[in-house]
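In: Here's a sequence, model it:
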Amino acid sequence: MIFLNDAQARRFDLNPAFKIVTPALIVAGKIMFAKEERWEHPECVICDVEDVNLDSMKYFNGNMLIEYPKKSKQFWCSCCFQNSHSDKVVNRILGTVEERGWD
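Out: Here you go, the predicted model:
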């Protein structure tokens with residue numbers, strides 16, 4: 001698997017992945033827990049759906065969630081995005097033209 005940094009991922013229309021670094025725990029000069037590094041997909045800010053790559057399994061970076069506003073690292077699934085934003089924003093970002101009936 002290939003892990004792309006933020007700029008590379010956005011260039012390929014993918015979402016950035018997060019590198020989680022857990023520092024080592026040293027007590028009285030002895031290492032209790034070693035330093036750990038792992039990559040995680042972003043999740044929807046409301047429903048915690050995890051971002052995955054729908055096009056290819058070659059890249060770890062996902063492309064299922066919507067990052068709004070751009071470069072904010074706030075990700076939305078399409079359902080939560082439509083329910084949380086105005087029709088004007090949804091139409092601009094998703095390119096839809098239909099009016100939602102419940103507003």
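
In: Just grab the bridge partners of residue 19 for me.
Out: Counting by DSSP bridges, residue 19 is bridged to residue 39.

In: I'd guessed it sits against residue 36; true?
Out: No: distance between residue 19 and residue 36: 11.0 Å, which falls outside the contact criterion (Cβ atoms under 8 Å). C-beta here means a position set from N, CA and C on the backbone, and glycine is covered the same way.

In: Quick one: residues contacting the spatially most central residue of the chain.
Out: Among the residues of the chain, the one closest to the centroid is residue 42, at 3.2 Å (Cα atoms, centre = their mean). Neighbouring residues of residue 42 by Cβ atoms under 8 Å, 6 or more residues apart in numbering: 15-18, 50-51, 62, 65, 73, 75.

In: Apply 10 Å and report the result again.
Out: For residue 42, the contacting residues are 15-18, 49-51, 61-62, 64-65, 67, 73-75, by Cβ atoms under 10 Å, 6 or more residues apart in numbering.

In: Let's see which of these end up in strands.
Out: Cross-referencing the contacts of residue 42 against strands under DSSP state E gives 18, 67, 75.

In: Can you say which of the residues you listed are buried?
Out: 67, 75 (16 or more other Cβ atoms under 10 Å).

In: which stretches of the protein form helices?
Out: 6-11, 78-84, 87-94 (DSSP state H).

In: Could I get the buried residue list for the longest one?
Out: Same thing as helix 87-94. For helix 87-94, by 16+ other Cβ under 10 Å, it's 90, 93.

In: got the CA positions of it in CSV?
Out: Presented in CSV, the C-alpha positions along helix 87-94 are these (Å, rounded to 0.1, in the frame of the first residue of the first chain):
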residue,chain,number,x,y,z
ASP,A,87,-29.1,23.6,-0.2
LYS,A,88,-26.8,26.2,-1.7
VAL,A,89,-23.7,24.6,-0.2
VAL,A,90,-24.8,21.1,-1.1
ASN,A,91,-25.6,22.1,-4.7
ARG,A,92,-22.2,23.8,-5.1
ILE,A,93,-20.2,21.0,-3.6
LEU,A,94,-22.1,17.9,-4.9
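
In: Tell me which residues touch the residue lying closest to residue 41 once chain neighbours are set aside, please.
Out: Nearest residue to residue 41, sequence neighbours excluded (Cβ to Cβ, 6 or more residues apart in numbering): residue 51, at 4.4 Å. Going by Cβ under 10 Å, 6+ apart, residue 51 touches 14-17, 40-44, 61-67, 75, 77.
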